[in-house]
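Visitor: here is my input; please provide its structure:
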Amino acid sequence: MISALSLALLLLTGLGCTPGINGGNTFSVKPDDARPLTRASEREKKLPFGLYITPSNTPIDPPENFTGYHTGRDFEIFPSEKETDVPVNAICSGAVVYSGRIPGYGGVIVESCTIGGEAVTVLYGHLDQESFTHGVNDPLPLGEQLAILGDDHSTETDGARKHLHLGIHKGTALEFRGYVDKKEELDAWLDPDVVLGQQ
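Guide: The predicted model follows:
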């Protein structure tokens, strides 16, 4: 017969939770559960983490008006998704710390959580605000839908193409920048591909 403690440990492990110091719990990203979009590893990677772009060398067509090192990873849509709802899911278990609109993104949700034992904020950008399923201070479990992508070149995406910008910033401060001027500034972010195990 299995003990109550053993059963609890099995359940916590299955949820991506491992026992921590003094009985606390540390949630970690499990690659099979932590995809922001379905078929995430199959999606085109036009703007990976750390890529330096200018309006004249951007891989985006039509060109966007940004210059700097990209602080996140853009997940593109498949052609069949241009006119359909594309659900966006939480990549970790945490709580919503921002829910609203930001210039350059349109709809944005920021989640505070712990990844690899490190406190981070996760920015999900270019979302349809009308579809937000969680507000500030709401818990946001790993894998739960938080919104759908905003429509292509609409106010929902602040005029950008339909895609997800996923940025993972170290610490608990809110950080909305999608680009930084200096390469060393990227040290304040984590590469989403490394976190999600998609290299």
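Visitor: what's the neighbour count on Leu123?
Guide: Neighbourhood size, Leu123 [other C-beta atoms under 10 Å]: 25. Every C-beta, even on glycine, is put in place using the N, C-alpha and C of the backbone.
Visitor: sorry, wrong one. I was asking about Glu64.
Guide: Number of residues near Glu64 (other C-beta under 10 Å) recorded here: 17.
Visitor: which parts of the chain are strands?
Guide: Taking DSSP state E as the criterion, the chain carries its strands at 17-19, 25-27, 52-53, 68-70, 72-76, 87-89, 94-102, 106-115, 118-127, 139-140, 145-148, 163-170, 179-180, 189-190.
Visitor: could those go into CSV alongside mean pLDDT?
Guide: Formatted as CSV, the strands of the chain follow (pLDDT from 0 to 100):
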stretch, mean pLDDT
strand 17-19, 37
strand 25-27, 39
strand 52-53, 94
strand 68-70, 96
strand 72-76, 96
strand 87-89, 97
strand 94-102, 98
strand 106-115, 97
strand 118-127, 98
strand 139-140, 97
strand 145-148, 97
strand 163-170, 98
strand 179-180, 96
strand 189-190, 98
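Visitor: center of the protein - which residue?
Guide: What sits nearest the mean C-alpha location of the chain, by C-alpha atoms, centre = their mean, is Leu166, with 3.6 Å.
Visitor: could you measure from that residue over to Asp85?
Guide: Distance from Leu166 to Asp85, counting by C-beta to C-beta, to the nearest Å: 18 Å.
Visitor: on that earlier part again, quick one: closest of the strands of the chain to Thr155.
Guide: Nearest to Thr155, of all the strands of the chain, is strand 106-115, at 6.5 Å by C-beta to C-beta.
Visitor: quick one: strands adjacent to the closest one?
Guide: strand 94-102 (antiparallel), strand 118-127 (antiparallel) (DSSP bridges).
Visitor: I figured Asp152 was touching Asp158, is that so?
Guide: No: Asp152 lies out of contact with Asp158 (C-beta atoms under 8 Å); the separation is 12.0 Å.
Visitor: count of neighbours near Asp187?
Guide: For Asp187, the count of nearby residues is 10 (other C-beta under 10 Å).
Visitor: pull out the buried positions in stretch 80-97.
Guide: Neighbour counts over stretch 80-97 (16 or more other C-beta atoms under 10 Å) mark 81, 86, 88-94, 96-97 as buried.
Visitor: and it, how far apart are its ends?
Guide: 32 Å (C-alpha to C-alpha, to the nearest Å).
Visitor: again, but for stretch 174-191
Guide: Using C-alpha to C-alpha, first and last residues of stretch 174-191 are 17 Å apart.
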